[in-house]
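[1] Kindly generate the corresponding structure for this input.
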Amino acid sequence: MSVALLKDLRDLNVLVIHPLDAEGEFLVDHLRRIGCTVNCRWPVPTELPAHTDVLFLSIDDETRPETERLLKSIAQPAPTILAIVSYENPSTLQIVLESGALAVIERPLKPFGLLTNLAIARNLWLQQQALSKQARKYKRRLLGDQRMAKAKAILMSSSRLSEAEAYHEIRNRAMASRVPVDEVANLIIRSEDMLRSRAQAD
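    Prediction:
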């Protein structure tokens, strides 16, 4: 376990949604010994407090409607979620899967394994966020490439330019206006769309 990850764990804001019984108190105390800032809520709240990094969520059939309502209210990116279950059955498994939990802790709660589960879940969460960021970056790049190709096609058709000439025209306009080439490409596409709309209206 890396030093950086351990430091990250100690800086986390953790919310425990669990009955206020002996197991709930044990979990809160143990997480505080790790160094986390911990709050406990029960019954199941309608929404999460702001800046919740990690959620330990007690899941059972009795509180299923409240738990489902809470999960639907969580904004993305959701916090790192660890599910706490008493037994395995289809309905419990379904809500665990729907929650997006990255670790499952079985009752009765024990100190052994809590830190490991928290560290693994948090590490998986960090990897997910990095992959999502990378995917958004690639998507923006792909959309940009598609807009550039469309803008070049418009110039090639309207001004009888080659593909290379069309690209240089876009780049020259961008340099002259001191704006990104993507912005020039978008302007060319919007202008073409407006001209087409007017032609269709006439």
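
[2] and the closest residue to Arg147 other than its chain neighbours, how many neighbours?
    In this structure, Arg147 finds its nearest non-sequential neighbour in Ala185, 4.8 Å apart by CB to CB, 6 or more residues apart in numbering. The way it works is simple: take the backbone N, C-alpha and C, and place the C-beta from them, glycine included. Applying other CB atoms under 10 Å, we find 25 other residues in the vicinity of Ala185.

[3] Contacts only, for Ala185.
    Gly144, Arg147, Met148, Lys150, Ala151, Ile170 (CB atoms under 8 Å, 6 or more residues apart in numbering).

[4] again with Asp53
    Shown here is Asp53, whose contacts under the criterion CB under 8 Å, 6+ apart are Leu12, Asn13, Val14, Pro79, Thr80.

[5] ok, now Thr63?
    Neighbours of Thr63 in contact, by CB under 8 Å, 6+ apart: Pro43, Val44.

[6] do you know how far it is from Ser86?
    Distance, Thr63 to Ser86, using CB to CB, to the nearest Å: 12 Å.

[7] Helix, strand or coil: sort out the spatially most central residue of the chain for me.
    The centroid of the chain falls nearest to Pro77 when counting by CA atoms, centre = their mean (3.1 Å). Secondary structure assignment for Pro77 (DSSP: H, G, I helix; E, B strand; the rest coil): coil.

[8] what residues does the helix or strand containing Glu25 touch?
    Taking DSSP states H and E as the criterion, Glu25 maps to helix 22-34. Helix 22-34 is contacted from outside by 9-10, 14, 16, 18, 38, 40, 42, 56, 84, 107-109, 111, 114-115, 118, using CB under 8 Å, 6+ apart.

[9] would you list every one of the strands in the chain?
    Ranges of strands within the chain are 13-17, 37-41, 54-58, 80-85, 103-106, based on DSSP state E.
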